[in-house]
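*Asks:* Need coordinates for the below:
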Amino acid sequence: MSQPRKLYEGKAKILYSTDDPEILLSEFKDDATAFNAAKRGQIARKGEINCTISTRLFQQLETLGVPTHWIETPQPTQMRVKRVQIIPLEVVVRNLAAGSLCRQTGLSLGTPITPPLVEFFYKNDELGDPLLTDDRLRLLNLATPEEIEQLREMALTINAHLQTVLTRCQITLVDFKLEFGKLADGTLVLADEISPDTCRLWDCLEDDPQRRVLDKDRFRQDLGHVEDAYEQVLTRILEQV
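*Replies:* Okay, here's the model as predicted:
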């Protein structure tokens with residue numbers, strides 16, 4: 001067996017080669033970043049927690065017919081995944097107003113959004129991951145019109161499934177970010193992760209606007225008890241999924 005070779009290191013994960021060129025090893029890190037990496041830190045056990053949560057949710061989505069890059073999870077912080085060509089778009093689904101949507105529109109935090117809003121952001125750190133209009137999506141040609149529509153449909157399908165799962169966990173899915181990639185044959189699959197790093201999650205059992213936060217906003221906003229929030233999400237998902 002050849003020695004794994006580091007292919008890429010991002011803010012939250014490291015990708016390594018394997019003996020199979022179509023399979024990679026994804027190592028989840030404890031590093032935490034916010035505001036396009038302007039704020040940095042660490043969250044204890046974050047890598048293991050996010051890897052475990054993502055594994056459970058990917059497995060659940062696969063049983064429901066949503067293709068993902070997940071193959072298996074051989075170690076608590078490691079996931080074997082299919083090699084994909086990542087589409088440089090972040091697909092954001094919003095069920096309640098929060099974050100940049102509130103800042104940019106004046107909507108009050110928690111305003112219900114019906115039907116859910118799907119937004120596309122250019123995955124480019126140097127440009128600050130800007131929001132793209134339909135015309136800008138066509139101009140940049142980051143994906144075909146057919147692929148954009150497929151991404152939108154897949155994101156809404158994933159949203160519906162996640163809402164069902166998280167409701168059982170007494171967690172509100174406020175909004176979340178997805179990334180997709182293409183297999184060698186062109187098939188679109190869900191990639192990256194689904195975790196408190198990539199989702200806004202509120203505790204249904206808590207009314208206080210700060211205590212209810214169970215996601216990376218605790219790190220972004222210096223709310224404290226970040227590790228406890230991540231652990232709580234993990235515990236509830238392991239109990240229900």
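
*Asks:* tell me what the helix or strand harbouring residue 49 is packed against?
*Replies:* Using DSSP states H and E, residue 49 falls within helix 46-63. Contacts defined by 3 or more C-beta pairs under 8 Å, 6 or more residues apart in numbering; DSSP states H and E place helix 46-63 against strand 23-28, strand 70-75, strand 78-82, helix 145-168, helix 226-240. C-beta coordinates here come from the backbone N, C-alpha and C atoms, glycine included.

*Asks:* Dump those to a markdown table, plus distance to residue 11.
*Replies:* Shown next, in a markdown table, are the helices and strands packed on helix 46-63 (distance: least, C-beta to C-beta, whole Å):
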| stretch | distance to residue 11 |
| --- | --- |
| strand 23-28 | 11 |
| strand 70-75 | 20 |
| strand 78-82 | 16 |
| helix 145-168 | 22 |
| helix 226-240 | 16 |
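
*Asks:* Reformat the ones you listed as a markdown table; add mean neighbour count and mean pLDDT.
*Replies:* Listed next are the helices and strands packed on helix 46-63 as a markdown table, based on neighbours: other C-beta atoms under 10 Å; pLDDT from 0 to 100:
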| stretch | mean neighbour count | mean pLDDT |
| --- | --- | --- |
| strand 23-28 | 20 | 98 |
| strand 70-75 | 15 | 98 |
| strand 78-82 | 21 | 98 |
| helix 145-168 | 16 | 98 |
| helix 226-240 | 18 | 97 |
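
*Asks:* List just the one of these that sits closest to residue 96.
*Replies:* Evaluated with C-beta to C-beta, these place helix 145-168 nearest to residue 96, the distance being 11.2 Å.
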